[in-house]
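Student: I would like to see how this sequence folds:
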Amino acid sequence: MAKHRDPYASREAMRYKTPIPSRELILDVLQQHKKPLTKQQLEKILNIKKPHQIEAFTKRLSAMQRDGQLICNRQGNYGPVNKMNLIHGRVIGHREGFGFVIPDDGSDDLFLPAQYMRALFDGDTVLVRPTNIDRKGRRECALVQVLACNTQQVVGRFRKISHQLQYVIPENKKITHNILVSKDDDNQAKDGQIVTVLITIQPTYQQQPVGKIIEVLGEERAPGMEIDIAIRAHSLPEQFPKEVMHELKESKIFKELKPNKSYPERTDLRHLPLVTIDGEDAMDFDDAVYCEKKPNQEYRLIVAIADVSFYVKPDSPLDKEAYTRGNSVYFPGRVIPMLPELLSNGLCSLKPHIDRYCMVCDITLNQDAEMIKYKFYSAVMHSHARLTYNQVHNALNNKDNAREILGGLYQPIEVFHELYTKLVKNRQKRGALDFETTETKVIFDENKKIKNIVPVVRNEAHKMIEEAMLLANVCAAQFLIKHKSPCLFRLHEGPTEEKLNDLRYFLKEFGLGLQGGAKPTSKNYADLLRSVSKRKDVGLINTVLLRSLKQAIYSPENIGHFGLAYDSYTHFTSPIRRYPDLTIHRQIKEVLNQQNKLPKKIKADLEKKLYVIGEHCSYTERKADEATRDALTALKCEFMSSHVGESFKGLITGVTGFGLFVELSGIYIDGLIHITTLPSDYYYFDAAKHRLTGERMGLKFSLGDTVNVKVVRVDVEDKKIDLELLRETKNVKPKKKSK
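Tutor: Predicted coordinates for the structure are as follows:
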């Protein structure tokens, strides 16, 4: 029998005293034999005889099953997942009971019928088999195997019907199971309280999940409870594991830099007046900037980013925890950081008047702000000031003696602003999209309840920093492409064919059209936005254009960024709070250290790994968005509970088959006018036109219409605000009678 050479033998020998065949070799053997093999057959082929080798090999096969590389069929035969028409992915639950599977390979989502979701939680890792296309055109699948149960704890409302029947209703509406609590569970929870329950028995087709209450959070309206619930409902890791804190305590690298020390391995930028520019309430400062104009009229823009990769080493406990979190989560008034505070607010934060390690993107642009060249290097810097957006804005507009206060720092900021005005013109020429959306900020009272919600005004200082970060991110993408280094890109696709058809149908109703044929570009979108900028219904058109586009994701497959109109784009500028940025820093360092000349096989494996990282970080980003949205919704419901019976003017921000979502003017809170409360009629929903139309009276309710409403009910438990249309509403449109 031919001996199989393991191309990864040296790697396995470094990891284990008694190496066993690598995962790659096992998969190659199964591919060569073109049929599933038993464990005993594999051991014979791979010459595994010694008891300790057999034990290690058994564990490896189990790990490969868990990671979705192998499957063991009912006959005990092992086969590669990709040869058995199976797909490895993560489950996304839906409040209606069905779910979706997000494949790890980046292919389109699969619809998972409710019958399979009975045995699953939102977030579980599974193997599924594609079955057919359902009547709505969705790829459907069947559950083959649950590889990992990723929900170990659930937060929800405790219900005690009797001593024999008690359960927890999850706050996360993507989990449709009620968690049974054993009558022997000696907990102190009272009916209606919010609790955390540890899952002791996972759901199956035959049985509901069972759990044990491990924490009583208290009454729902307690101060800060909304955020506590959201953190636990979305399984956000709040505390750092002991091994991470031990690493921080024991490693000598987690020490403050000594002032005036020389760093021969780094470029010294401490003499340059680099500054950070952030919001007044910012705690971590991961970027600093400096701009100068040369005698030949060229600009030099330095973007210095915290060198997180110096402190966070690959595969360390700190790195593994950062990967698990994926990103920092920003709640109103509270942050769940990706990195411990010692790093996020300490050693990695570019605080003023302290030496800090950084990674630099040093960019040269011509007098028209077109990029000539760039370079990356490791450096040490010394921030000369912690500036705020308002300070810089006031200085640029010569308000409140801001220029005099900034002193010598004002001149490079003035040059930066000059460069910014040219970058904006280039952005417009490029066709980047600039949707006008309203960001809001929550103002709390002393009891951690909403006092007010105010719009956040983005001034020129915000936009200057944004343009600098965009430039650095583009340079990072181009640098890694040039050196053929696999990396995570930030992708943003244009509209699907279905969304594009709906968009054109909608625009036609307004006498508008979108150029670009079957594949419009971002410039076509931008041209349309500019053409309607003076119209009264610009907000409506703006919203529909935005909703026609896909959500941005991370992937090693570069297809460009539609919204920003870039052929390649990545995230380099926020490694303190985003794991993908940390991976980009590592790849850039590998190139700079000439460690990137990898064999094709290793490079292919790295690309596969990056697909998994990209999918995971896209997932954690979505999860963070959902958690912050849930917390904010709960806070808003609490706030509105004291406004029941009051009347407001509002804007229709969503039209569905079951009613209208309305944003209340001045307080930026949404409520629902259910279709059953509209004037008595049969209403027809036109999804493409975002409109409800009454058959008898001809009333039309469209996205962007203004309406007068009354708050009739607030359900804090279900996070719902019910509105009622007032008769004095004048903006609804009666249907024209035919002659």
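Student: which phi and psi does residue 508 have?
Tutor: The phi/psi pair for residue 508 (degrees, to the nearest 10) reads phi -60, psi -30.
Student: Residue numbering should commence at 43 henceforth.
Tutor: Renumbered: residue one is now 43, and that last one reads residue 550.
Student: From residue 556, how far out is it?
Tutor: 10 Å (CB to CB, to the nearest Å). Every C-beta, even on glycine, is put in place using the N, C-alpha and C of the backbone.
Student: what's the answer for residue 111, then?
Tutor: 44 Å.
Student: Same check on residue 665?
Tutor: Counting by CB to CB, the gap from residue 665 to residue 556 is 33 Å.
Student: From what I see, residue 617 and residue 624 are in contact.
Tutor: Yes: the pair residue 617 / residue 624 is scored as a contact, 4.4 Å apart, by CB atoms under 8 Å.
Student: what touches both of these two?
Tutor: 350, 351 (CB atoms under 8 Å, 6 or more residues apart in numbering).
Student: which one of the two has more residues nearby?
Tutor: residue 617 (29 against 25; other CB atoms under 10 Å).
Student: pLDDT score assigned to residue 518?
Tutor: If you check residue 518, the pLDDT there is 98.
Student: now residue 637
Tutor: Residue 637 is given a pLDDT of 61.
Student: which stretches of the stretch 143-292 of the chain have low pLDDT?
Tutor: 148, 228, 263 (pLDDT under 70).
Student: er, the chain I mean
Tutor: 43-45, 55-59, 116, 124-125, 148, 228, 263, 637-645, 770-781.
Student: How about the residue nearest the centre of it: what's its closest non-neighbour residue?
Tutor: When CA atoms, centre = their mean is applied to the chain, the residue found nearest the centroid is residue 663 (1.8 Å). Computed as CB to CB, 6 or more residues apart in numbering, the closest residue to residue 663 that is not its neighbour in sequence is residue 369, at 5.7 Å.
Student: After whichever strand or helix holds residue 403, which helix or strand is next? Please name it.
Tutor: Assigned by DSSP states H and E, residue 403 falls within strand 397-407. Moving toward the C-terminus from strand 397-407, the next helix or strand (DSSP H and E) is strand 413-424.
Student: For the next helix or strand along the chain from that next one, which strands pair with it and how are they oriented?
Tutor: With elements assigned by DSSP H and E, the helix or strand that comes after strand 413-424 is strand 427-430. Strand 427-430 pairs in its sheet with strand 317-320 (parallel), by DSSP bridges.
Student: Quick check: residue 500 touching residue 483?
Tutor: No: contact criterion CB under 8 Å: residue 500 and residue 483 do not qualify, at 11.8 Å.
Student: what residues go with each domain of this structure?
Tutor: 51-124, 127-190, 195-261, 284-527+625-667, 683-767 (automatic domain parsing).
Student: mind putting those in CSV, distance to residue 613 included?
Tutor: Listed next are these as CSV, based on distance: least, CB to CB, whole Å:
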stretch, distance to residue 613
domain 51-124, 26
domain 127-190, 17
domain 195-261, 27
domain 284-527+625-667, 6
domain 683-767, 28
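Student: now for those, which one comes closest to residue 676?
Tutor: Nearest to residue 676 among the domains of the chain is domain 683-767 (5.6 Å), distances taken as CB to CB.
Student: Return the distance of the closest one from the chain's centre.
Tutor: Offset of domain 683-767 from its chain centre (CA atoms, centre = their mean, to the nearest Å): 29 Å.
Student: From start to finish, how long is it in a straight line?
Tutor: End-to-end distance for domain 683-767, by CA to CA, to the nearest Å: 18 Å.
Student: and residue 550 and residue 556? which has more neighbours close in?
Tutor: Higher neighbour count among residue 550 and residue 556: residue 556, with 19 against 13, using other CB under 10 Å.
Student: Would you check that the more buried one makes contact with residue 547?
Tutor: No: using CB under 8 Å, residue 556 makes no contact with residue 547, being 10.9 Å away.
Student: which SSE is residue 506 in?
Tutor: Per DSSP H and E: helix 502-524 holds residue 506.
Student: Off-centre distance for that helix?
Tutor: Distance, centroid of helix 502-524 to centroid of chain: 19 Å (CA atoms, centre = their mean).
Student: what is the orientation angle of that helix with strand 413-424?
Tutor: Here helix 502-524 points in a direction 110 degrees away from that of strand 413-424 (axes from the mean of the first three to the mean of the last three CA atoms, to 10 degrees).
Student: From residue 666, how far out is residue 512?
Tutor: For residue 512, the distance to residue 666 - CB to CB - is 22 Å.
Student: okay, the two: which has more neighbours?
Tutor: Neighbour count, other CB under 10 Å: between residue 512 and residue 666, residue 666 has more, with 21 against 18.
Student: host element of the more buried one?
Tutor: helix 642-682.
Student: now that helix, how far from the centre of its chain.
Tutor: Per CA atoms, centre = their mean, the centroid offset for helix 642-682 relative to its chain is 4 Å.
Student: Send me whatever helix or strand comes next after that helix as CSV with only the CA atoms.
Tutor: Per DSSP H and E, helix 642-682 leads on to strand 689-698 as the next helix or strand towards the C-terminus. The C-alpha coordinates for strand 689-698 follow below in CSV (Å, rounded to 0.1, in the frame of the first residue of the first chain):
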residue,chain,number,x,y,z
SER,A,689,-50.8,63.5,19.9
PHE,A,690,-47.8,64.0,17.6
LYS,A,691,-47.0,64.8,14.0
GLY,A,692,-45.1,62.0,12.4
LEU,A,693,-43.4,60.7,9.3
ILE,A,694,-44.2,57.3,7.7
THR,A,695,-40.9,55.5,7.7
GLY,A,696,-42.1,52.0,6.9
VAL,A,697,-45.0,50.5,5.0
THR,A,698,-45.9,46.8,5.4
